[in-house]
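J.: generate a structure from the sequence data that follows.
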Amino acid sequence: MGLAPPGAPGSWQRDGKNYQFWNKTNNHGGFSINNVRPGTYSLYGWVPGLLGDYKFHKDVVITPGSHTELGFLVFEPPRNGPTVWEIGVPDRSAAEFFVPEPEPTYINKFDYSKDWYFAQVTREVKDPKSGAIKFQATNWRINFDLQEVDSSGNYTFRMALAAAFD
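T.: Residues are numbered from 1 along each chain as shown. Predicted coordinates for the structure are as follows:
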């Protein structure tokens, strides 16, 4: 949970100019955020493993020496039914993704899992005939079968991307 400048849910991720104050919840969901500079903030939160962002419904005003109780907060992540398939974990990290080995002089000694690489970037490929270096696009295809499909129902495709910009 964190206090950051007021904005839309998730806007705290793009703010690099203002103060933010964060702390983890305990096993029961309780939390406190200490030593916050006076000001007006939004309270944001997220849960590792769940899509979506939490934002408290009103601003939190911090004054010198104040103690603010917000009561019982409930986060209801957006859901439109069961998850059929996913790559990775929505935890704001890329820890479980495959990281390809670099040039041999920069060999990585860690054993990363052999999973989908989080950054789908172009790669250098040497043309066998001319020897020229070309950049080849990454081309991934996801195929999966649904055992049962309700043709009268609605389905939601939700995608989260690792990105440096919106």
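
J.: all contacts plus neighbour counts: C-alpha atoms, from now on.
T.: Fine.

J.: check what pLDDT residue 91 gets.
T.: Listed pLDDT for residue 91 reads 81.

J.: oh, I was asking about residue 150
T.: Value for residue 150, per-residue pLDDT: 83.

J.: which helices and strands sit right next to the lengthiest strand in the chain?
T.: The longest strand of the chain (DSSP state E) is strand 39-45. If contacts are counted by 3 or more C-alpha pairs under 8 Å, 6 or more residues apart in numbering; DSSP states H and E, strand 39-45 sits against strand 2-4, strand 54-55, strand 60-62.

J.: could you rerun that using 10 Å?
T.: With contacts taken as 3 or more C-alpha pairs under 10 Å, 6 or more residues apart in numbering; DSSP states H and E, strand 39-45 sits against strand 2-4, strand 21-22, strand 54-55, strand 60-62.

J.: and the contacts of the helix or strand that comes right after the last one?
T.: Once strand 60-62 ends, the next helix or strand along the chain (criterion: DSSP states H and E) is strand 123-126. Strand 123-126 has contacts (C-alpha atoms under 10 Å, 6 or more residues apart in numbering) with 131-138.

J.: swap the cut-off to 8 Å and go again
T.: Strand 123-126 is contacted from outside by 132-138, using C-alpha atoms under 8 Å, 6 or more residues apart in numbering.

J.: what does the helix or strand that it is followed by rub up against?
T.: Sequence order places strand 133-136 as the next helix or strand after strand 123-126, per DSSP H and E. Contact with strand 133-136 is made by 122-127, as judged by C-alpha under 8 Å, 6+ apart.

J.: identify the residues contacting the residue most central in space within the chain.
T.: Geometric centre of the chain, nearest residue: residue 92, 3.1 Å, by C-alpha atoms, centre = their mean. By C-alpha under 8 Å, 6+ apart, the contact set of residue 92 is residue 48.

J.: gap between the helix or strand of the chain with the lowest mean pLDDT and the chain center?
T.: Taking mean pLDDT, DSSP states H and E as the measure, the helix or strand of the chain with the lowest value is strand 123-126, at a mean of 85. Mean-position distance between strand 123-126 and its chain equals 30 Å (C-alpha atoms, centre = their mean, to the nearest Å).
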